[in-house]
Every structure is written in structure tokens, then in C-alpha cells.
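> Build the 3D model from these lines:
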Amino acid sequence: MDNNNKNLILATALSFAVILVWFLLFPPPEQPTNTAVNEMEATQPLTAPVAAQATGAATVETAVTDETVDAPRVSIETARLSGSISLQGGRIDDLSLKDYRETLDDDSEIVHFFKPRNTPGSYYALYGWAPGAGLTLDTVPGANTIWSVEKGATLTEDAPVLLSWDNGNGLTFRREISVDENFLFSVKQSVENTAAGTVSLAPYGVLARHGEPQDLKNFFILHEGLVSMSDGELNELDYDGMTDFEFNQNEGAKAEATQVSENGWIGFTDHYWMATLIPSQTSAFKSVAKYDDRRDIYQTEAVMPTETLAPGQSVTVESQLFAGAKEWATIRGYQNEGGVKGFLDSIDWGWFFFLTKPMFALLHWLNSVIGNMGWSIIALTVIIKVIVFPLAYKSYASMAKMKELQPQMEKLKEKAGDDRQKMQQDMMALYKSEKVNPASGCLPLLIQIPIFFSLYKVIFVTLELRHAPWIGWLKDLSAPDPTSIINLFGLLPFAVPELGFFEILSLGVLPILLGVSMWLQQKLNPAPTDATQAMIFAWMPWVFMFMLGSFASGLVIYWIANNTITFTQQYLIMRSHGFKPDVFGNIKGSFKRKAKADDK
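Here you go, the predicted model:
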């Protein structure tokens, strides 16, 4: 076995092994099983305030009953959002995203993000005040307070709504809610003290989620669950991790609390959607994550510092709520122009963030120019190949030089006979004199591994690839090729049944093109004379074809484009070094060998 073939097999096998391990460790996510939350428990809110301390932040407790009230609602209607606010608690508990649908079906419903109590998957934002000195639970607004509309019948981008509540004891509370053209709500909480005594209280915001999300992926590569920023440090914890919290006596539940001095936010992130409480970035607050194991409710809180009001004084505290789609450009705008520190890190960029972040930024820019994600992926592939071309050129040039040295290597083998050590020494001396690195042939394949993983992460995680079409039958680049060889790619009048593990056998057009492109790339060189090598090379493209068949079609498009460009580069570089690849001759030769093997 010559060194050239050894290196090529080693690099190919290494790439194959890494992808195989990746496939086994991170299989496509199973479809979640919908589990209904106990309706009686789902109607109970998680939050109610208890006494605020004279200094520092208040505590929001879990032990409170919540009667069901058919309260009036204030509509939410913007270009991108629809829903309503319940006047019971002033909850933002009904929110749909107009620009996104659940599936690609024409009659698919739009994504329903926030959901009221008494519905499966209840999920909402709640604001209130925790009582301190001179106050009790029933003298501050909380989960059950029935607010009045003071101004605004419908919340729009141009028209905020103003809610008010008088506690009958000299305190008047107001809450102004506004929303921008995307997904960012601003909430101004104010209180005016007309009583005779001094009082203290602390404003808070809460996100409460009844049970795990119904569409939870539970996929290792994707973070879903708690996400927060504390003093510039990103924290992530899945739902299982929240259930493992120790009971916190101060919080009255399984909880973890963190004092944040500035630059913080906290919330829940899903695959494509997110809700986040964002206090003032220059203000301190208490960041709390809770889990109520009795009622299966997950909760995040942002509790602002206690305010002390003398008679005749008033105070206003402003915070923000992000509730919507994890659009890269939108979140980036809130970070760079809106001052929400580290907000772009709410998108799960993974371990290769130093690659995935710039890679997606470039892909996003290409899409803004080209207007199609499929063609943008191909353009990205071309740019990546240009960037790594110097290294690829050196590698392919070395491989071409190895071809030129083949006759001399054969003479060294004959001369050394069975003395393998002498043969290795003579070959190393030959490589040194000719300035050839036999290991350089591995580099192009090795480079592909982090690029492959990073692009896989980008395509799987980012919202911009969801339901993004390319051409013809490819309507969603984040999903596998929907065509199947089983029904002749749609020519036969029946749908492909669910195949479970054997879904890998249901090949579409793209995986087949991938296999063919790899096979053609192999034909730049004659098949190895060694039978074992020849067998490995013969099976490799088709093994990859089956393995990658269930990957996102956007990733397969990248791989096909990469193979095509690599084939062209290698062919031209070999020609420039005086070696003319006989592609058609190698193809014919492979069929002749197969025919001879069949005759035997």
C-alpha cells in the first residue's frame, strides 16, 4: 500500500468516523409526545409577592391560590403580533406570531406563542409589586388583581395601553404597556402614594410556564430552557436542570437566585422562539429561576430593587419584555442599538461559536443580496473554498507530486525487498529531497470537519433556515429532502409511510446527488490495486449517501457544492502539475473490474 493511498484512506476514514460518531450521538430528534397538563393545577399561577426587605430586592413566592375569573381583555394588534392582555393580573398571556406558521401546509395556523391559563402549554408574562414595610399582599397588585383600562382600547405599535388600579388605601398603581414593530414590549410600572404613611415595595416581572413545552426537541445540539445573562456572563440550563434545584427557603420553592449588578436578562428559549425579561441594563436586580414540582410550573423572575415612598411621592420603573421569534437581525438590533448586552448569545451558537457566528453573519448577508437561502449556501461554500484555497492548493499540489514520484517509489520497494525499515527510510529521504509532505493530502478533508459541524449547527439552530425554500420540491432547508426513492420521488401516487429507524433507506434526490458527487471525485485517481483499499473506496460514497440522507437539506446542498468545487480545483491543479486525471477511463476501469469479479 503506497503512502499516497494510505494518507487518503486515513483522512477519509477519519472524516467518516467523526461524522459516524456525530450521527450516533446526535440522531435526528424524535417527535415529542404531547402530554396534557393537569387542568386544575395548570390554572394555578406560580407567583405572588411576599414582604420586601427594606434594602435589596423583594421575594416572589409560589404559595397562593388563584381563582378563575373571566376577566375582560385588551387586544394586541401589530403588523407582526396578535393577541390580548388579560385584565386579571394584567397578564400578557395571549400572543401569536403572524409571520410564522406551524407547518408548510397552506391551511396551517400561525404560531401561538403565549397561551392563557386553562389551556395546554400555558405560558405568560406577569408583572406586579412585592409588598414591604407598611403593606400586605392584598394592598399591592399581583396575579389576581383586576385592572382597569385608563387609556387605549388596543395595543399597537403606535398606541400604548395604560392600566390602573387603586388599592383603596392611598396607593394608585399604573402600568403602561407599549410594543415596537417587532417583538419588544416596554412595561412602565408606577405607583403614587397619597396615604399618610411611608411604604416600601419592589416591582417585579415574571415568566411562568406550565409544564415543559409541547414541542420540546430534547436534542443534544440544541439548548432549550432557561437562558440568562448576569453581569455579562451567559447562563444556560435545561428544564431537567431546573427540576434539580434545591429548595430555597427565601424563595419558597426550588429556586436559584442571583444578584445582578448590571447588564442582565433572564427568560426561556425554545428552538425558534424566546421570551425574556429585560430590566434596565444599568440597574441592579435579582434574577431568579424557580420550579414548582407540585404543579409542574417553571418560572423566571426579574425583581427590581425596593422603592421607598413617603406621602405625596411617586415612582416609575421601566423594564422590557422580548416575546417572539429569534431572528438574528432583530436580536442583533436590540443588542447593538437597544443596549441589551450579550443578547445575540441567546441564540445557541455552540462550542464552535467563533465559526458559527461569522459563518451565519455571512450567510445572512448573502441571503439579503441573493434572496434565496439555498443559493446563499452555495455562495457561502464558494467563499469558504476560496478562503481555504491556499492550503488546498498546497495539498493537491503535493498529491500531484506524489503521483510523479510513483515510479521512483516502486523502484525503492523493489530495492528494499522485505526490509520495511529500509524502505521507509528511503521513502522519507525521497520525500525530503523532493520537498513533498505525504500527510498534506489529509488537510482538505480535516478542514471540512469543523466547517461541517459549524454549518450543521447554523442550519439546525437558526430561525432563518426554518421553512426557507430553495428550488422546486425543496420548501424547507432545515428539514431533510422530502422526496423518496420508495415512491419514485413522487411519481407514484402514495405517500411514504413512517419508517422509524429505516428512514435512512428512504433516499431523496439530494442524498443521491451527494453520493454521485463523491463517487466522481474519487474517479480523479485510479482505484487502488490493493483489494481492501479498493473496496473501501468503492463503498465510501454510498455509505455517506445513506448517512447524510436524513440530514437537513441545506447541509446536503453544501456538501454537494463542496464536492463539486473540490473536484474542479483538484482536476485543474493536477493538470497544472503535468498530471492529467483520466476520469472517464477510471470510471470504465471500475466497471471492468466489477465485471471480472462477477465472472469469477
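> okay, the residue of the chain most remote from its centre: pLDDT?
Among residues of the chain, the one most distant from the C-alpha centroid is residue 415; the distance is 58.5 Å, by Cα atoms, centre = their mean. Looking at residue 415, its pLDDT stands at 77.
> my read is it is in a helix, agree?
Yes - counting by DSSP: H, G, I helix; E, B strand; the rest coil, residue 415 is part of a helix.
> heads up, I number from 59, so please use that
OK, 59 is where the count begins now, so the last one is residue 473.
> That one and residue 204: what is the separation?
Residue 473 sits 97 Å away from residue 204, going by Cβ to Cβ, to the nearest Å. Using the backbone N, CA and C atoms, a C-beta is placed for each residue, glycine as well.
> With residue 542 instead?
Residue 542 is 56 Å from residue 204, by Cβ to Cβ.
> So for the two, which residue has more residues nearby?
Legend: neighbour count by other Cβ atoms under 10 Å for residue 542 and residue 204, higher for residue 542 (22 against 14).
> I'd say that one and residue 567 touch.
No - Residue 542 sits out of contact with residue 567 when judged by Cβ atoms under 8 Å, with a separation of 9.3 Å.
> shared neighbours of these two, anything?
Shared contacts of residue 542 and residue 567, defined by Cβ atoms under 8 Å, 6 or more residues apart in numbering, are absent.
> looking at it, residue 153 is touching residue 169, isn't it?
No - at 9.5 Å, residue 153 does not count as touching residue 169 under the criterion of Cβ under 8 Å.
> Who has more neighbours out of the two?
residue 153 (24 against 18).
> Model confidence for the more buried one, exactly?
pLDDT, residue 153: 98.
> Show me the beta-bridge partners of it.
In this entry, residue 153 is beta-bridged to residue 141, residue 172, by DSSP bridges.
> returning to what we had before: could you pull up the contacting residues of the residue farthest from the centre of the chain?
residue 484.
> do that again at 6 Å, thanks
For residue 473, no contacting residues are found, by Cβ atoms under 6 Å, 6 or more residues apart in numbering.
> And it, how close does it get to residue 485?
11 Å.
> Next: residue 578.
Distance, residue 578 to residue 485, by Cβ to Cβ: 30 Å.
> Compare the two and say which is more crowded by neighbours.
Comparing residue 578 with residue 485 by other Cβ under 10 Å, the one with more neighbours is residue 485, at 19 against 16.
> Go ahead and list the helix or strand containing that one.
Under the criterion of DSSP states H and E, residue 485 resides in helix 478-492.
> so what pLDDT did the nearest residue to residue 160 once chain neighbours are set aside get?
In space, and not counting its chain neighbours, residue 160 is closest to residue 166: 5.0 Å by Cβ to Cβ, 6 or more residues apart in numbering. Looking at residue 166, its pLDDT reads 94.
> and if you look at residue 558?
61.
> Likewise for the one 3 residues further on?
pLDDT for residue 561: 60.
> can you pull out the helices in this structure?
61-83, 97-100, 297-301, 386-394, 411-428, 431-445, 447-462, 464-474, 478-492, 501-519, 567-580, 589-605, 611-634, 641-657 (DSSP state H).
> Which among those is found nearest to residue 363?
helix 386-394 (23.5 Å; Cβ to Cβ).
> and the angle for the closest one with helix 411-428?
120 degrees (axes from the mean of the first three to the mean of the last three Cα atoms, to 10 degrees).
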